[in-house]
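>>> what's the 3D shape of this:
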Amino acid sequence: MTDVRAPQTDPFDPAAEPGDSPRPGPASPAGGAFGLSGWLRWAWRQLTSMRIALVLLFLLALGSVPGSMLPQQGNNPSGVRQYYASHPALAPWLNHLGLFNVFGAPWFAAIYLLLFASLAGCVVPRTFRLAGSARTLPPRAPRHLARLPRSAEYVTTLPPAEAVETAARVLAGRGFRLRRADSAVPDSAGTEPADAGAWVSAEKGYLREAGNLLFHLALLGVLVSVALGGLFGYKADRLLVQGTTFADTASALDEFHPGRLVTAGDLGPFTITLNRFDASYIASGPQRGQPSAFDAQISYTEQRGGPARTGHLAVNRPLSVDGAKVYLIGHGYAPRFTVTDARGQVVYDAPTPFIAGPSGNFLSEGVVKVPDAQPDQLGFTGVFVPTAVDVGGTLESVFPAADNPVVSLIAYAGDLGTDSGVSQSVYQLDTSGMQRLTARPQVLQPGQSLKLPGGRGTITFTGYVPWVSLAITHDPGQLPALICGIAALGGLLLSFMIRRRRVFVRARAGENGTTVEVGGLARTDASGGFEAEFASLAAELRAACQQGRHPLPEGE
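Numbers count the residues shown, from 1 in each chain. Below is the predicted model of the structure:
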């Protein structure tokens, strides 16, 4: 039977022969202190080490935490303003640390660039080394195969050279890369004579290192993809009332956050019209009032003057147009008002978006500014209540759908301050230069009017239309990041599932025939499995030699 042996302790890489040339490595300076170039080389070696790369990766993940917990200037500027109002003492310190713009902060960019340099310095040299090792033959077979972690021995009647050639055919059939003995040339150190016996070395599992390298290259590609998105991408927001159209220009967007190398001229020339928006809510049960479906019916053109196309926007179903994606991220109500001034002329007739507050059920607040009214400018602060119920003299909304819509208005007259040159929010009314006309809020149902005191005019609540909030994003690094992520996963699978292993065969002539020694070791075998593979391979080698054995002479 084939004798398979495993020593109590595995030697370290016994495939290396004593006569092999030492592998090149970093050398210490010969005496004296480091110079500037020495310190630079030391710093580069430290930066490109796996330990530093892991530390930088951890710091990058840790630095991203405030970006997900605190409102960010690029995504939620109103949230930042609200945080300042709620935490007036803490907010300036957080802003000084860049925590309201984490991904654009210098310290985050420094970590990102250091991680990129660390990975590049680690991966690029390894790529060249892997390309060189792919053409390198396995090492010579050690002279003492019994010292390897796995070994076997059997006797055959084949001559040593033929026994080794038979083993080589079996190993080649299993996908091993081979290296045969060159009997005409002794080894480099002259320690092994040319007649020391026939041998063959075999190695398999090169894809493990390729998978490891693929993972690091893919991780580097993810960083490059994120950089592409930060440099050439942009994000924008637009509130769009039903029945209105907007063009993707910087002046038509409510919020525009371009990448470092993006200008207003890089925006796509598309237009979008909101034809209709429908929202459905659960009407009964414990989840009453929760949304069940949203559907925005739109028409759009990819180029100015181009053919109009129709489409639908829903949650997690964006519209892809001209390299950008348009997402539906919110909705609300826009009450429609008609205002006549003291002259009896209609000076305002439009839907006005109201923004839902924290009370729930789309109880919304907004303002109406009428700068063209005569003799005084008019302004109104109001609350829109979709499904109004009087609770102790206070209007509350008990359902998000507009089943019983009313508005509550307070009227002002005077100077709106719009001509002062100071920018104003369309959702806030500066009443410092205005006179309050109504002592208490006035409640109007659709079709009802409020006559302003002093003959200043009339405001009529004529109905409402829905509005939607759109997020427009262009990220050229999104697809490359996805591809690199898949490649990184594939690289991990290769590095985890494939084992690097070596098998050596030596044959020596003896008194009773040819003694064949088989040795093997796995460079990486944390999950086990090489023992069974080696036992099967040794049995197959022995069977192959038995099938090809020479017939014994007559009389023996």
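
>>> Kindly check the end-to-end length of stretch 516-535 for me.
15 Å (C-alpha to C-alpha, to the nearest Å).

>>> Let the chain start at 214 from now.
OK, 214 is where the count begins now, so the last one is stretch 729-748.

>>> List the buried residues for it?
Of the residues in stretch 729-748, 729, 730, 731, 732, 733, 734, 735, 737, 738, 743, 746, 747 count as buried by neighbour count, 16 or more other C-beta atoms under 10 Å. For the C-beta atoms, the positions are set from N, CA and C on the backbone; glycine is no exception.

>>> next one: stretch 343-358
351, 352, 353, 354, 355, 356, 358.

>>> quick one: which of those residues is nearest residue 453?
residue 351 (66.8 Å; C-beta to C-beta).

>>> okay but that closest one is in contact with residue 414, surely?
Yes: using C-beta atoms under 8 Å, residue 351 is in contact with residue 414, at 4.1 Å.

>>> returning to that earlier point: could you single out the nearest of the buried residues of stretch 729-748 to residue 262?
Using C-beta to C-beta, these come closest to residue 262 at residue 737, 20.1 Å.

>>> Dump the buried residues of stretch 343-358 into JSON lines; add secondary structure, pLDDT and distance to residue 364 as well.
Conversion of those to JSON lines gives the following (DSSP: H, G, I helix; E, B strand; the rest coil; pLDDT from 0 to 100; distance: C-beta to C-beta, whole Å):
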{"residue": "351", "secondary structure": "coil", "pLDDT": "86", "distance to residue 364": "17"}
{"residue": "352", "secondary structure": "coil", "pLDDT": "87", "distance to residue 364": "16"}
{"residue": "353", "secondary structure": "coil", "pLDDT": "89", "distance to residue 364": "17"}
{"residue": "354", "secondary structure": "coil", "pLDDT": "88", "distance to residue 364": "12"}
{"residue": "355", "secondary structure": "coil", "pLDDT": "89", "distance to residue 364": "10"}
{"residue": "356", "secondary structure": "coil", "pLDDT": "87", "distance to residue 364": "13"}
{"residue": "358", "secondary structure": "helix", "pLDDT": "90", "distance to residue 364": "5"}
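
>>> Could you identify the most distant pair in the residues you listed?
351 and 356 (15.5 Å).

>>> Just list the residues touching residue 573, thanks.
The contact partners of residue 573, by C-beta atoms under 8 Å, 6 or more residues apart in numbering, come to 502, 610.

>>> Sorry, slip of the keys, the one I care about is residue 568.
545, 577, 578, 579, 640.

>>> Okay, and the beta partners of the nearest residue to residue 583 once chain neighbours are set aside?
Excluding the flanking residues, the one nearest residue 583 by C-beta to C-beta, 6 or more residues apart in numbering is residue 591, at 4.1 Å. Beta-bridge partners for residue 591, by DSSP bridges, are residue 583, residue 626.

>>> what about residue 591, how many neighbours?
Neighbourhood size, residue 591 [other C-beta atoms under 10 Å]: 27.

>>> Touching, it and residue 622? I think so.
No: assessed by C-beta under 8 Å, residue 591 is found out of contact with residue 622, at 11.0 Å.

>>> And the pLDDT for residue 458?
pLDDT recorded at residue 458 is 92.

>>> ok, the nearest residue to it once chain neighbours are set aside to residue 648 distance?
Excluding its sequence neighbours, the residue lying closest to residue 458 (C-beta to C-beta, 6+ apart) is residue 486, at 4.2 Å. Distance, residue 486 to residue 648, by C-beta to C-beta, to the nearest Å: 40 Å.

>>> Likewise for residue 267?
From residue 267 to residue 648 the distance is 66 Å (C-beta to C-beta).

>>> Next: residue 551.
Look at residue 551 and residue 648: by C-beta to C-beta, they are 22 Å apart.

>>> what does residue 709 give?
For residue 709, the distance to residue 648 equals 75 Å [C-beta to C-beta].

>>> just checking, residue 622 touches residue 592?
No: using C-beta under 8 Å, residue 622 is not in contact with residue 592; the gap is 10.4 Å.

>>> Between those two, point out the one with more neighbours.
More crowded of residue 622 and residue 592, by other C-beta under 10 Å: residue 592, with 26 against 20.

>>> measure the nearest residue to the more buried one once chain neighbours are set aside to residue 638 for me?
Once flanking residues are discounted, residue 592 sits nearest to residue 625: 4.5 Å by C-beta to C-beta, 6+ apart. Distance, residue 625 to residue 638, by C-beta to C-beta: 16 Å.

>>> any idea how far residue 537 is from residue 515?
10 Å.

>>> Residues that sit against both of these two, list them.
481, 483.

>>> Have a look at these two and say which one is more surrounded.
Per other C-beta under 10 Å, whichever of residue 537 and residue 515 has more neighbours is residue 537, with 20 against 15.

>>> Was I right to think that one contacts residue 684?
No: if you go by C-beta under 8 Å, residue 537 and residue 684 don't touch, sitting 10.2 Å apart.

>>> Please name the nearest non-neighbouring residue to residue 668.
The shortest distance from residue 668 to any non-neighbouring residue, by C-beta to C-beta, 6+ apart, is to residue 555 (5.5 Å).

>>> Show the pLDDT at that neighbour.
91.

>>> Next, count neighbours for it.
17.

>>> Go ahead and confirm it touches residue 670.
Yes: contact criterion C-beta under 8 Å: residue 555 and residue 670 qualify, at 5.5 Å.

>>> Find the residues that touch each one of those two.
With C-beta under 8 Å, 6+ apart as the test, residue 555 and residue 670 both reach residue 586.

>>> quick one, which of residue 486 and residue 648 is more surrounded?
residue 486 (17 against 13).

>>> Paired strands for the host helix or strand of that one, with orientation please.
Taking DSSP states H and E as the definition, one finds residue 486 inside strand 484-494. Taking DSSP bridges as the criterion, strand 484-494 pairs within the sheet with strand 458-460 (antiparallel), strand 504-514 (antiparallel).

>>> Please name whichever of these is nearest to residue 422.
Among the strands paired with strand 484-494, strand 504-514 sits nearest to residue 422 (C-beta to C-beta), with 49.7 Å.

>>> Let's see the helix or strand that that closest one is followed by as PDB, backbone CA atoms only.
Sequence-wise, the next helix or strand downstream of strand 504-514 (DSSP H and E) is strand 522-526. The C-alpha coordinates for strand 522-526 follow below in PDB (Å, rounded to 0.1, in the frame of the first residue of the first chain):
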ATOM      1  CA  ARG A 522     -41.900  61.300 -24.300                       C
ATOM      2  CA  THR A 523     -44.100  60.100 -21.400                       C
ATOM      3  CA  GLY A 524     -43.000  58.200 -18.300                       C
ATOM      4  CA  HIS A 525     -43.800  57.400 -14.700                       C
ATOM      5  CA  LEU A 526     -41.800  58.200 -11.600                       C
END
